[in-house]
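> Sequence first, then the predicted structure, then my questions.
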There are 2 protein chains.
Amino acid sequence: MKGRPIKISALLAFLVVRLLASPALASDPLPSWNDGTAKQSITAFVERVTREDSPDFVPAPERIAVFDNDGCLWAEQPIYFQASFIFDRIKALAPQHPEWQTQEPFAFVLKGDVKAALAGGEKALLEMAMATHAGMTTDEFERIVRHWLATAKHPTTGRHYTAMVYQPMLELLACLRANGFKTFIVSGGGIEFMRVFAERVYGVPPEQVIGSSIQTKYEVRDGQPVIVRLPELHFIDDKEGKPVGIQQHIGRRPLMAFGNSDGDFQMLEWTTAGKGPRFGLLVHHDDAVREWAYDRESHIGRLERGLDEGPRRGWTIVSMKGHWKSVFPSPTR
Amino acid sequence: MKGRPIKISALLAFLVVRLLASPALASDPLPSWNDGTAKQSITAFVERVTREDSPDFVPAPERIAVFDNDGCLWAEQPIYFQASFIFDRIKALAPQHPEWQTQEPFAFVLKGDVKAALAGGEKALLEMAMATHAGMTTDEFERIVRHWLATAKHPTTGRHYTAMVYQPMLELLACLRANGFKTFIVSGGGIEFMRVFAERVYGVPPEQVIGSSIQTKYEVRDGQPVIVRLPELHFIDDKEGKPVGIQQHIGRRPLMAFGNSDGDFQMLEWTTAGKGPRFGLLVHHDDAVREWAYDRESHIGRLERGLDEGPRRGWTIVSMKGHWKSVFPSPTR
């Protein structure tokens, strides 16, 4: 139990941090970013809001940074990774659902025709999502996702999905936290899906993950309380939903927002319309060699309005090709 | 910008904290708690999960503590404080609503007959809540609540509502945070209502406040994005809703849960059913002299099942009369 002494120790810790953080000793916190406009816009903003003698200094509790996940922290091609999870689960559950052999869209998945399964649009995707994400407890769902992440491999790289995260963004997350920021994920992906790996992979604890969700229900089964996942939508955390989700979960306007698609437009708009210094950044997928190149015409992660309006709104556009020294963590790490 | 040096400084800070936290130097972090079973159950549990050589040691990120608000962190008599806010707002808005002069339940409020207004039950309360909590932006609502808190006075004590918080619980919140816990509010009260004062009064930032909510909508008005509050229920954070709200917002089962009524039963049940060491506590309002005395028969903060089942579930029952040296902060503070 610690009482008052924490204050004295906090003061000492602060002095130690100041001493060690002097430029001569500090190493580059963003080594995978090429020196240039993008990196500089980030470091200049962070210095502007964290230096105590800065006129734009922001107290630590207000240093909130929000990150999209798909296409911003990890890759999203050739299909959203959570869609791969859905298809793998349909195959795994097929023995318990003989009716799926003839029932679309499930029958397409079982025949290996992902394209046809996705052609059914939102309605088909929702049906497949509910069949694979609901009907179990939250604890059971966590175990299912954990097992999938440990075993499933990306179709073109053969790597685990959690290895297909962007090294420059991992550095950025750590750098912001070292500067007193609280980092949140704000994604259209499933909130409970992302929570399974967000802490281990991104250093983002479950309470700082915001995403789409289904309804849940509290129940006591044989004396043991459980939370059961129901096949009904609760919240879609995309587009106009992102500022709404941010307000619901955080209750404070972020200082910095990071995205990559027009699904992030409103999140950046809401963030950068706040009073005082604000920062918006979009990752532009223009690196067909090391990752994928897609923007205006893409069905996944379409980026059009952000490219057109972002620069004149003062948002930083990151070229993966030009601004990043590396994309994925090296496999040996 | 700080890079690697933070790690070294964290180590030094840790050593400093250990040194200063030695029993000989630490003062009592819970001075308003009488020495006895309740206080001892808290301090023993905190030591059990935070001492690194304890077999029940819990890493800091998993140290989640959840607190009910009404009747647990601040008083709730003679009516919930947020109900007083509703009635005051109806009076303030009456000139813009001439129809309220004859329309129940509003007419009762304008005649000063709170009892009759509340006799309409949940339906009437919901109607009055929507008329006073919706129709404005989130920023506007925050300003309205802030102004009300700064001016409104409690009907029997004449103190500001934010002065009617429990001193022993303020000390408990601070003590848990000093021991690496993240403290959350999980209350049936309105999430945006509580966020206005939770950080200043309790040291709980907005992102750690969970409560009941209404629907909201993102809009761009004359180029300025706003979030508009709509007159539709979104979530009731009470009874079975509390574990659901905890899972939605925190995504991790708490280690400790604090409440005072049967509305907190499921929150304590969910918390204490977790694996490993868990802690549940109910504040029993049995002090008619310094606060109020009510439990099984009360319409507000009814506590019956908790008193019957709590002790055999291992939950601590706090007697305000017997376990607390003081109830409210002294007025001079």
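Done, it's in. Just so you know, these numbers come straight off a predicted model, no measurement behind them. Residues are numbered from 1 along each chain as shown, chains lettered A, B, ... in the order given.

> buried residues in the strand or helix carrying residue A:91?
Element membership of residue A:91, judged by DSSP states H and E, is helix A:81-93. For helix A:81-93, burial by neighbour count (16 or more other CB atoms under 10 Å in any protein chain shown) applies to A:81, A:82, A:83, A:84, A:85, A:86, A:87, A:89, A:90. Just so you know, the C-beta spots here come from the backbone N, C-alpha and C atoms, and that holds for glycine as well.

> Which neighbouring elements make contact with the following helix or strand past that helix?
Under the assignment DSSP H and E, the closest C-terminal helix or strand after helix A:81-93 is helix A:106-110. Here helix A:106-110 touches helix A:81-93, helix A:114-119, helix A:121-133, going by 3 or more CB pairs under 8 Å, 6 or more residues apart in numbering or on different chains; DSSP states H and E.

> Residue A:200: what's its closest spatial neighbour, skipping adjacent residues?
residue A:162 (7.8 Å; CB to CB, 6 or more residues apart in numbering or on different chains).

> Surely that neighbour touches residue A:152?
No - contact criterion CB atoms under 8 Å: residue A:162 and residue A:152 do not qualify, at 9.8 Å.

> how does chain A divide into domains?
Listed by automatic domain parsing, the domain ranges of chain A are A:29-77+A:159-323, A:81-151.

> In a markdown table, list the buried residues of helix A:81-93 along with distance to chain B.
Converted to a markdown table, the buried residues of helix A:81-93 look like this (distance: CB to the nearest CB, whole Å):
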| residue | distance to chain B |
| --- | --- |
| A:81 | 19 |
| A:82 | 16 |
| A:83 | 22 |
| A:84 | 22 |
| A:85 | 18 |
| A:86 | 21 |
| A:87 | 25 |
| A:89 | 20 |
| A:90 | 25 |
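
> mind showing which ranges of chain A have poor pLDDT?
In the prediction, chain A carries residues with pLDDT under 70 at positions A:1-26, A:332-333.

> Show me where it has its helices.
Using DSSP state H, the helices found in chain A span residues A:5-20, A:37-50, A:81-93, A:106-110, A:114-119, A:121-133, A:138-151, A:167-178, A:191-197, A:241-249, A:265-272, A:305-309, A:320-323.

> Can you say which of those helices is nearest to residue A:289?
Judged by CB to CB, the one of the helices of chain A that comes nearest to residue A:289 is helix A:320-323, at 7.8 Å.

> on that earlier part again, adding distance to residue B:203 as columns, could you present the helices and strands packed on helix A:106-110 in a markdown table?
Below are these laid out as a markdown table (distance: least, CB to CB, whole Å):
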| stretch | distance to residue B:203 |
| --- | --- |
| helix A:81-93 | 37 |
| helix A:114-119 | 48 |
| helix A:121-133 | 36 |
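
> Looking at the ones you listed, which is nearest to residue A:187?
Short answer: helix A:81-93, nearest of the helices and strands packed on helix A:106-110 by CB to CB, at 9.6 Å.

> sorry, back to before: please identify which of the helices and strands packed on helix A:106-110 is closest to residue A:107.
By CB to CB (comparing all of the helices and strands packed on helix A:106-110), the closest turns out to be helix A:114-119, at 8.6 Å.

> which other helices and strands contact that closest one?
Packing contacts for helix A:114-119, counted by 3+ CB pairs under 8 Å, 6+ apart, involve helix A:81-93, helix A:106-110, helix A:121-133.

> Would you mind putting those helices into TSV with distance to residue B:196 alongside?
As requested, the helices and strands packed on helix A:114-119 are arranged in TSV below (distance: least, CB to CB, whole Å):
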stretch	distance to residue B:196
helix A:81-93	36
helix A:106-110	49
helix A:121-133	35
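
> Can you pull the residues of the stretch 201-333 of chain A lying near chain B?
Within reach of chain B by CB under 8 Å from any CB of the partner chain, the stretch 201-333 of chain A has these residues: A:205-209, A:213, A:216-218, A:220, A:224-225, A:227, A:240-241, A:243-244, A:247-252, A:266, A:269-270, A:273.

> Buried by neighbour count, from these: which ones?
So, by 16+ other CB under 10 Å, the buried ones in those are A:205-209, A:213, A:216, A:218, A:225, A:227, A:240-241, A:243-244, A:247-252, A:266, A:269-270, A:273.

> Would you enumerate the residues in contact with the residue of the stretch 101-250 of chain A found nearest chain B?
Nearest to chain B in the stretch 101-250 of chain A, going by CB to the nearest CB, is residue A:206, at a distance of 3.2 Å. When contacts are counted by CB atoms under 8 Å, 6 or more residues apart in numbering or on different chains, residue A:206 is found next to A:195, A:198, A:199, B:250, B:251, B:252.

> The fifth one and chain A, how far apart?
Taking CB to the nearest CB, to the nearest Å as the measure, residue B:251 and chain A are separated by 3 Å.

> Which residue is the nearest non-sequential neighbour of that residue?
residue A:206 (3.2 Å).

> I'd like to know how far that neighbour sits from residue B:259.
Residue A:206 sits 22 Å away from residue B:259, going by CB to CB, to the nearest Å.

> what's the answer for residue A:227, then?
18 Å.

> Equivalent analysis for residue A:291, please.
For residue A:291, the distance to residue B:259 equals 49 Å [CB to CB].

> For the two, indicate the residue with more neighbours.
Ranked by neighbour count (other CB atoms under 10 Å in any protein chain shown), residue A:291 and residue B:259 place residue B:259 first, with 31 against 20.

> Near the closest residue to that one other than its chain neighbours, how many other residues are there?
Spatial nearest neighbour of residue B:259, chain neighbours left out: residue B:68 (4.2 Å); criterion: CB to CB, 6+ apart. When neighbours are counted by other CB under 10 Å, residue B:68 registers 28.

> Now for residue B:68: which residues touch it?
When contacts are counted by CB under 8 Å, 6+ apart, residue B:68 touches B:185, B:186, B:187, B:258, B:259, B:260, B:261, B:263, B:264, B:267.

> What is the most widely separated pair among those?
Farthest pair in the contacts of residue B:68, by CB to CB: B:185 and B:261, 14.8 Å.

> ok, the two, which is more surrounded?
residue B:261 (27 against 23).

> From residue A:239, how far out is that one?
From residue B:261 to residue A:239 the distance is 39 Å (CB to CB).

> cool, residue A:196 as well?
Noted for residue A:196: a distance of 25 Å to residue A:239, by CB to CB.

> Over to residue A:194?
Shown here: residue A:194 relative to residue A:239, a distance of 18 Å by CB to CB.

> what about these two, which has more around it?
residue A:194 (26 against 17).

> got a list of what that one touches?
So residue A:194 contacts A:69, A:185, A:187, A:209, A:211 (CB under 8 Å, 6+ apart).

> List the contacts of the nearest residue to the second one once chain neighbours are set aside.
Counting by CB to CB, 6+ apart, residue A:185 lies nearest to residue A:209, which is 4.8 Å off, once chain neighbours are set aside. By CB under 8 Å, 6+ apart, the contact set of residue A:209 is A:184, A:185, A:187, A:191, A:194, A:195, A:198, B:251.
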